[in-house]
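Q: Test case, fold it:
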Amino acid sequence: MIIQAEDRKKMISWRRHLHMHPELSYQETKTAQYIFDELENMNGLELSRPTSTSVLARLNKGKAGKVLAIRADIDALPIEEENDFEFASQNPGVMHACGHDGHTAMLLGAAKILSEHKEKLYGEVRFIFQHAEEHPPGGAEELVKAGVMDDVDFVIGTHLWSPLETGKIGIVYGPMMAAPDTFKVRVIGNGGHAGVPHETVDSIAVSAQIISSLQQIVSRVTDASEQLVLSVTQISGGTADNVIPGFVEFRGTVRSFNEELRNRIPGQIERIVKGLTDAHQASYEFDYSFGYRPVINEEHTTKLLHAAAEHLYGQEAVEIMKPSMVGEDFSAYQQKAPGCFFFTGAGNRVKGITYPHHHSKFTIDEDALEIGVSMFAEAAKVMLSGKGDKE
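A: This next block holds a predicted model:
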């Protein structure tokens, strides 16, 4: 299926409109309506709204075949954009800084092109425009509960990836993205005058020891062959130079792939917190939240996408990549059907597109959009026809 010049222009137009009008997780009202309206202009799609801020489009010509679900996330981040191009965000403090505008444009492009070639397709394609990927519990779980994955045979999705140059397709077999869990600790001391610390229980001093000791979980408690990240990312306490505060709060994230290891971490953190607060006559409050499951690519589906990438762009375009410790709620769909998530290269050093995801100057190389669409179209052709079935 050839992508015409007018299709490229349309995808860029969609992406720029979405970039100018970003909306945060669970608030994608205008974004979802924009997607719905654009899909209504395409022929042969059955549209629905599984939730108030998501859209599902189904393409089914009645020919027997498999059911393929393709997912794009549509939400933005609470970041003030520092780019100065003409389509920069018009919503203060909100920005598409992770490429979801491009994901949405690519899935709209796939819906347009596949609907124009629907007579050639078997089975059904479901286009899932998902809300709230950036904010746990995430939109994927809601959509699965709403039935978008019922009777699906394969599920695929992609992430535009700025560390990977445009023209490259990143394939990961097995574990791809980590489970992102979070924790919160409040160390409760006994505040007082900073000039007489012996009359206080210093919550800052105790917290500092806890934070340092938490890294022992990674470096001295966990098998070195396991993949584990523990980062403290927020800390607050105190109001003045001469006051030892009564409490300090800090928060952080834990990233892992191994379920058994994942379940051990809360107890290991609390043991350190309890031990050090007991030692210094402080007390504590501790809360731990499990986030998305890890993204684990199913081998057969991954082989099909690997073959599709080589068919379209040659072996040299495929990068077999290591797992990433970032999180993704695409994993919710993989609980219902074999699935593969892949990276579409969207960085371009020549064009100066080098900022990392979640940066205030992040952007993507728009030349990557048609590559993602071609991957979706090729996957649909192979998976729906049964040519990709296991032998």
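Q: Any chance you could give me the longest strand along the chain in CSV, C-alpha atoms only?
A: In the chain, with assignment by DSSP state E, the single longest strand is strand 154-165. Output of strand 154-165 as CSV, limited to C-alpha atoms (Å, rounded to 0.1, in the frame of the first residue of the first chain):
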residue,chain,number,x,y,z
PHE,A,154,-3.0,-9.8,17.6
VAL,A,155,-2.4,-6.4,19.1
ILE,A,156,0.4,-4.0,18.0
GLY,A,157,1.6,-0.5,18.7
THR,A,158,4.6,1.7,18.3
HIS,A,159,6.4,4.5,20.1
LEU,A,160,8.1,7.2,18.1
TRP,A,161,11.6,7.1,19.7
SER,A,162,13.9,10.1,19.5
PRO,A,163,17.1,8.2,20.6
LEU,A,164,16.7,6.1,17.4
GLU,A,165,17.4,7.8,14.1
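Q: So for the residue lying farthest from the centre of the chain, what's the pLDDT?
A: Relative to the C-alpha centroid of the chain, counting by CA atoms, centre = their mean, residue 196 is the outermost residue, at 48.5 Å. With respect to pLDDT, residue 196 has a value of 97.
Q: Surely residue 249 touches residue 185?
A: Yes. Using CB atoms under 8 Å, residue 249 makes contact with residue 185 at a distance of 7.0 Å. For every residue, glycine as well, the C-beta is placed using N, CA and C.
Q: Pick out whichever of the two has more residues nearby.
A: Per other CB atoms under 10 Å, whichever of residue 249 and residue 185 has more neighbours is residue 185, with 25 against 16.
Q: Just the element for the more buried one, please.
A: In this assignment (DSSP states H and E), residue 185 forms part of strand 179-188.
Q: can you list the weak-confidence ranges in the chain?
A: In the predicted model of the chain, residues 387-391 satisfy pLDDT under 70.
Q: Of all the helix elements in it, which one is longest?
A: In the chain, assigned by DSSP state H, the helix with the most residues is helix 259-279.
Q: which non-adjacent residue is nearest residue 305?
A: residue 340 (5.1 Å; CB to CB, 6 or more residues apart in numbering).
Q: That neighbour: neighbour count?
A: Quick note: residue 340 (other CB under 10 Å) scores 28 neighbours.
Q: Helix, strand or coil: sort out it for me.
A: With DSSP: H, G, I helix; E, B strand; the rest coil as the basis, residue 340 sits in strand.
Q: For this protein, which residue occupies the most central location?
A: Nearest to the geometric centre of the chain sits residue 328, at 3.5 Å (CA atoms, centre = their mean).
Q: which residues sit in contact with that one?
A: 133, 159, 177, 292, 295, 341 (CB atoms under 8 Å, 6 or more residues apart in numbering).
Q: Can you pick out the most distant pair from the residues you listed?
A: 159 and 292 (13.8 Å; CB to CB).
Q: the more surrounded of these two?
A: Just comparing residue 159 and residue 292: by other CB under 10 Å the higher neighbour count belongs to residue 159, 29 against 22.
Q: That one and residue 356: what is the separation?
A: From residue 159 over to residue 356 the distance is 13 Å, taken as CB to CB, to the nearest Å.
Q: Show me what counts as buried in the strand or helix carrying residue 235.
A: Secondary structure from DSSP H and E places residue 235 in strand 228-236. For strand 228-236, a neighbour-count test (16 or more other CB atoms under 10 Å) marks 228, 230, 232 as buried.
Q: Name the strands paired with the helix or strand just after it and say parallel or antiparallel.
A: Later in the chain than strand 228-236, the nearest helix or strand by DSSP H and E is strand 243-244. According to DSSP bridges, strand 243-244 forms sheet pairs with strand 192-193 (antiparallel).
Q: just so I have it, where are all the helices in the protein?
A: 5-20, 29-40, 100-116, 139-145, 203-216, 259-279, 299-313, 331-334, 368-385.
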